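Visitor: The following block contains a protein sequence and its predicted model.
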Amino acid sequence: MSPLPEVPSPAPGGERAGTALVEHYARLVRLGYLVLPPTPGSHRRVLAAHALTQRCLLPGRRAGRGTGPPPAAAAVDPAYAWARLRVVRAALEAGRPRRSAVRARLRSPLPLVWGLRLLPHSGGADGLALENALAALSGPGRAAHALRGLEGLADAEVRRVLAAAGVADPHAALAEAEAVAAPYALLASPQFDPCSLQARPPDLLRRRRYAKAALAAGAALLVCGALLGPASHAPRWGGVPDQRAAAAAEALEPGRLGRVDAVSWRRSPRTDFTAWPTRGDRAGDTGLLRRALAAWARRGGAVRVSATPGTPAGPPMGAPQLLYAGGVGGAVVVLFYDGLRVVRYAESRDAGRAWGPVLDFARVDGADRASATALVVARSGGRVRYLTAPWVTAVSVRDLLAPDAAPRPLGRRADGVTDALTGPATASGCRTWPAVEARDGAAVRLLTDLGELTPARLTSGPPSAPHDVAGRAERDGWARTACLLPSVRSHGVRSVNSWQFAEQPLPEGDGVARWVCTRAETWRGAGSRVLAQFQAPSAPLAATGGPPGAVAARAESTPACGARDPRVLAGVLWRSRGGRWYVLAAGSEQFASLAASGGVEGRSGGRLLAVRAREGDRARLNGTLADGSRVGGLR
């Protein structure tokens, strides 16, 4: 149901663009004012909105990256659409964090007005509520709300403009905009009109106090500089101030590394990475450990570094715990744990085929026995080796796409390192998906490699009580879900839960479809990803659970389909075997009724909906919960 890709057209000439800018100047400034971030205040926002609108005719980066126009609807003047895109792109660029800390510190104070504060007129309580609601959105979310409400664009056109403006996920921006309940008419109120202003003086008394304080501070700095200048060469170590030098030096001493014996985990009150014993045939190699610690603490340009999202890649603040040091394949690997992160250092084992050292960081705070089951110790040539926890008694390999096939044993060395197995990333065309089954007493946990140090744990069941995958029915569900896992690869995923929230008899007697929600939780908490699937009935493939499900909806950083908010509503446009089209929708058990509006109109008195439609139709879904509140579809 995604829009067709647009065909770029040449940007309008300077005269046409200038005419559009003059004719629609107030509207464009209002649009830029709405999209700009709410900080550092209305005065600066007003000036910035005028500045970026006037700069939208200038070439180059000052008006936002790129010069290509957006695809515009036929009823919209292409010159105006082009100017609108430039304003939206520049306003979004102004809200993004600066890549360089130096550039951020040297950010220009212009435009600047001395002695006055220029503010839009007050819009009353409703306008203030909308202002607060917009401030809570991201830049793309504000842009989506303004384009939909102020410009009156349809959702498909909003997504086109946002994509052309450089927004990575226009669907997520529209989902954010859905949360603003205020009527769109408020966007035309005086509170959001940066062309109708009131001028006020700043706090004159405070400005006078600041001037006196600045003069006094300048004089004090001159005196202190003269007195302390000769003694300013305080001892430093590795660029770290002397008060932190002792902790940093301690972190580089191999003899101070934390080490755990082989049986401590049996009596430890915590069974996580803190209980992992120190293992590996190079755990006593002081030279290797010193190189690994030095690369971590003060890495140079020769060290390649990677980190999962949300993981700090800074030096250790003290002596970390040594988990493993040994040879694995063609590499020598060292694994550290510092309470927040697992850090892997690897260097070439073969001097004749040397490659530069590598550092990988993964956040693991809050780990428990289940999530500390294994770590990826080596990945090379599309093959993966794991280091398993000491409480893992057996390891096997199961193909997620063959739910009826028995798992095969996976060999392990005495130090806990497994034999190499093919990683799922190399499964061409998703014809196989190898996952690891780790047995811990009576528990059998299913893990898969998603390109990071920590494998993701796969679970089934409702969000309130997810559990390890067990039984043919749950393996069947994962057989039709596994091929969607690449969409959450390399996002710092801790676990992925997949559960069936509804079954729907299809029109015209075409069988029963399943609705499945898959949620990927991350180690950092934020950035979760949710997919709602529609799994139509099909003849099972040989020894498999059937073809992959169709993604009906997706969302990011949402509590939907999780323990905090287990509700989910999704829909698809589906064609029957007889060639007729329907809008199908299903909600979780919290929904009492569903409704479709927009291109297709229909209602149902339960949590399932089927409405006749035409090919290409679009519909907006809403559901009513048992308490009477309304909830939109997952987007």
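Guide: Looks like it arrived, so ask away.
Visitor: how about the strands of the stretch 251-400 of the chain, start to end?
Guide: 304-307, 321-328, 331-337, 341-348, 358-363, 374-380, 383-388, 394-399 (DSSP state E, counting those that start in this stretch).
Visitor: Those strands: which one's closest to Q535?
Guide: strand 394-399 (19.0 Å; CB to CB). In short, each C-beta sits where N, CA and C put it, glycine included.
Visitor: Partner strands of that closest one, with direction?
Guide: Paired with strand 394-399 in the same sheet, following DSSP bridges, are strand 408-409 (antiparallel), strand 434-440 (antiparallel).
Visitor: Output those as a markdown table; include the columns distance to Y386 and mean neighbour count.
Guide: A markdown table is the format used below for the strands paired with strand 394-399 (distance: least, CB to CB, whole Å; neighbours: other CB atoms under 10 Å):
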| stretch | distance to Y386 | mean neighbour count |
| --- | --- | --- |
| strand 408-409 | 14 | 12 |
| strand 434-440 | 6 | 21 |
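Visitor: closest to R349 out of the ones you listed?
Guide: By CB to CB (comparing all of the strands paired with strand 394-399), the closest turns out to be strand 434-440, at 24.2 Å.
Visitor: Which residues does whatever helix or strand comes next after the closest one contact?
Guide: For strand 434-440, the following helix or strand on the C-terminal side (DSSP states H and E) is strand 443-448. Residues from elsewhere that reach strand 443-448, judged by CB atoms under 8 Å, 6 or more residues apart in numbering: 370, 373-374, 386, 398, 400, 424, 433, 435-438, 455-459, 468-470, 482, 485, 496.
Visitor: quick check: angle from whichever helix or strand comes after strand 443-448 to strand 434-440?
Guide: For strand 443-448, the following helix or strand on the C-terminal side (DSSP H and E) is strand 456-460. Angle of strand 456-460 versus strand 434-440, following axes from the mean of the first three to the mean of the last three CA atoms, to 10 degrees, is 80 degrees.
Visitor: Packing partners of strand 456-460?
Guide: strand 443-448, strand 467-468, helix 472-479, strand 493-505 (3 or more CB pairs under 8 Å, 6 or more residues apart in numbering; DSSP states H and E).
Visitor: Can you tell me which of those is nearest to L293?
Guide: Proximity to L293, assessed across the helices and strands packed on strand 456-460 by CB to CB, is greatest for strand 493-505 (27.0 Å).
Visitor: Give the other helices and strands that the helix or strand following that closest one contacts.
Guide: Next along the chain after strand 493-505, taking DSSP H and E as the criterion, comes strand 512-522. The contact analysis (3+ CB pairs under 8 Å, 6+ apart) places strand 512-522 against strand 493-505, strand 529-535.
Visitor: same thing but 10 Å
Guide: Counting contacts by 3 or more CB pairs under 10 Å, 6 or more residues apart in numbering; DSSP states H and E, strand 512-522 is packed against strand 456-460, helix 472-479, strand 493-505, strand 529-535, strand 550-556, strand 569-575, strand 581-587.
Visitor: tell me the mean pLDDT for stretch 458-470?
Guide: Average pLDDT, stretch 458-470: 95.
Visitor: in that stretch, what's buried?
Guide: Buried residues in stretch 458-470, counted by 16 or more other CB atoms under 10 Å: L458, T459, S460, G461, P462, P463, P466, D468, V469.
Visitor: can you check stretch 34-47 too?
Guide: Going by neighbour count (16+ other CB under 10 Å), the buried part of stretch 34-47 is L34, V35, L36, P37, S42, H43, R44, R45, V46, L47.
Visitor: hmm, back to that, any chance of TSV for the strands paired with strand 394-399, columns mean pLDDT and distance to T518?
Guide: Below are those laid out as TSV (pLDDT from 0 to 100; distance: least, CB to CB, whole Å):
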stretch	mean pLDDT	distance to T518
strand 408-409	96	26
strand 434-440	96	15
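Visitor: Nearest to A295, out of those strands?
Guide: Closest among the strands paired with strand 394-399, using CB to CB: strand 434-440, at 28.8 Å.
Visitor: Let me know the angle separating the closest one from helix 472-479.
Guide: Using the same axes, to 10 degrees: strand 434-440 against helix 472-479 is 140 degrees.
Visitor: circling back: so which of the strands paired with strand 394-399 comes closest to P140?
Guide: Comparing the strands paired with strand 394-399 against P140 with CB to CB, the closest turns out to be strand 434-440 (34.9 Å).
Visitor: could you give the angle of that closest one to strand 383-388?
Guide: Using the same axes, to 10 degrees: strand 434-440 against strand 383-388 is 10 degrees.
Visitor: Just the CA trace of strand 434-440, in CSV.
Guide: The C-alpha trace of strand 434-440 is given here as CSV (Å, rounded to 0.1, in the frame of the first residue of the first chain):
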residue,chain,number,x,y,z
PRO,A,434,19.7,-21.1,11.2
ALA,A,435,19.0,-20.3,14.8
VAL,A,436,20.7,-21.6,18.0
GLU,A,437,18.9,-23.6,20.6
ALA,A,438,20.6,-23.3,24.0
ARG,A,439,19.5,-25.7,26.8
ASP,A,440,19.6,-24.4,30.3
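Visitor: relative to strand 374-380, how tilted is it?
Guide: 150 degrees.
Visitor: Can you give the distance of strand 434-440 from its chain's centre?
Guide: Relative to its chain's centre, strand 434-440 lies at 27 Å (CA atoms, centre = their mean, to the nearest Å).
Visitor: now stretch 149-166
Guide: In this view, stretch 149-166 has its centroid 22 Å away from the chain centroid, taken as CA atoms, centre = their mean.
Visitor: Tell me how this structure divides into domains.
Guide: 14-200, 250-367, 567-635 (automatic domain parsing).
Visitor: can you tell which of those is closest to H491?
Guide: Of all the domains of the chain, it is domain 250-367 that lies closest to H491, at 5.9 Å by CB to CB.
Visitor: wouldn't D193 be in contact with R30 here?
Guide: Yes. Between D193 and R30 there is a contact under CB atoms under 10 Å: 5.9 Å.
Visitor: which of these two has more neighbours?
Guide: Set side by side, D193 and R30 show more neighbours around R30, with 24 against 18, by other CB atoms under 10 Å.
Visitor: can you put the strands of the stretch 251-400 of the chain in JSON lines and add distance to Y184, mean neighbour count and mean pLDDT?
Guide: Formatted as JSON lines, the strands of the stretch 251-400 of the chain follow (distance: least, CB to CB, whole Å; neighbours: other CB atoms under 10 Å; pLDDT from 0 to 100):
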{"stretch": "strand 304-307", "distance to Y184": "41", "mean neighbour count": "15", "mean pLDDT": "92"}
{"stretch": "strand 321-328", "distance to Y184": "55", "mean neighbour count": "22", "mean pLDDT": "96"}
{"stretch": "strand 331-337", "distance to Y184": "52", "mean neighbour count": "24", "mean pLDDT": "96"}
{"stretch": "strand 341-348", "distance to Y184": "45", "mean neighbour count": "23", "mean pLDDT": "95"}
{"stretch": "strand 358-363", "distance to Y184": "40", "mean neighbour count": "20", "mean pLDDT": "95"}
{"stretch": "strand 374-380", "distance to Y184": "49", "mean neighbour count": "22", "mean pLDDT": "94"}
{"stretch": "strand 383-388", "distance to Y184": "51", "mean neighbour count": "23", "mean pLDDT": "96"}
{"stretch": "strand 394-399", "distance to Y184": "51", "mean neighbour count": "18", "mean pLDDT": "96"}
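Visitor: Serialize those strands to TSV and add fields for distance to R55.
Guide: Formatted as TSV, the strands of the stretch 251-400 of the chain follow (distance: least, CB to CB, whole Å):
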stretch	distance to R55
strand 304-307	36
strand 321-328	53
strand 331-337	49
strand 341-348	43
strand 358-363	39
strand 374-380	47
strand 383-388	50
strand 394-399	56
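Visitor: Indicate which one of the ones you listed is closest to P566.
Guide: With distances scored as CB to CB, the stretch of the strands of the stretch 251-400 of the chain nearest to P566 is strand 358-363 (25.8 Å).
Visitor: between the closest one and strand 331-337, how big is the angle?
Guide: Angle, strand 358-363 to strand 331-337, by the same axes, to 10 degrees: 30 degrees.
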